[in-house]
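1. Kindly return the folded structure for what I paste below:
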Amino acid sequence: MSNNEKSDTIYSQYFTIIQDVINRMAQNSFLIKTWTVTLIAAIFVLTFSIVNILIFGVLLAITIISWVLDSYYLKLERVYRRLYKTKVEEYNDNQKRKRMKLFDMDYEPFKKLEQRILRIMVSKTEILFYFPIIGTLTCFLIISIVMIF
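-> Numbering: from 1, shown residues only. Next up, the predicted model:
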């Protein structure tokens, strides 16, 4: 195996590591959505006969916390995508490749380039998932308040 082939193998491993981190962030985001739906459905089914404002408040809190956490992982995924893209561009440019730090996973320079979490929270994918849940829970909360009074 020549030095060039060894070098290409090392770079390939480096890019694979970054891709694995991106996949992990996407998986975390998916798991948060899954757990959110599971928790809300389970609590809702178990407490359906009990009309309690506190229960709906807890469900709303779970949803909002999940929404923020999901947006955080989505932001990290995007930041690592920027890191990956930059490192591939450096690899393809012979001058930059010589100065390229191998296995550098520092994403801080890319964090500033990515949108804030609140901006990500109102992106299409996040709104389409969380807004119906929050809307439904809010309707049930209003109904339960009206039933009490």
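
2. What count of nearby residues applies to Leu128?
-> 9 (other Cβ atoms under 10 Å). All C-beta atoms are positioned from the backbone trio N, CA, C, and that covers glycine.

3. other SSEs contacting the longest helix seen in the chain?
-> If you go by DSSP state H, the chain has its longest helix at helix 3-46. Here helix 3-46 touches helix 53-92, helix 124-148, going by 3 or more Cβ pairs under 8 Å, 6 or more residues apart in numbering; DSSP states H and E.

4. Distance check, Leu46 against Met100.
-> The gap separating Leu46 from Met100 is 54 Å, by Cβ to Cβ, to the nearest Å.

5. neighbour count winner among those two?
-> Met100 (15 against 10).

6. from what I can see that one touches Glu90, true?
-> Yes - in this structure, Met100 is within contact of Glu90 by Cβ atoms under 8 Å, at 4.7 Å.

7. re earlier: is it possible to export the helices and strands packed on helix 3-46 to a markdown table including distance to Lys33 and mean pLDDT?
-> Output for the helices and strands packed on helix 3-46, formatted as a markdown table (distance: least, Cβ to Cβ, whole Å; pLDDT from 0 to 100):
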| stretch | distance to Lys33 | mean pLDDT |
| --- | --- | --- |
| helix 53-92 | 6 | 90 |
| helix 124-148 | 6 | 88 |
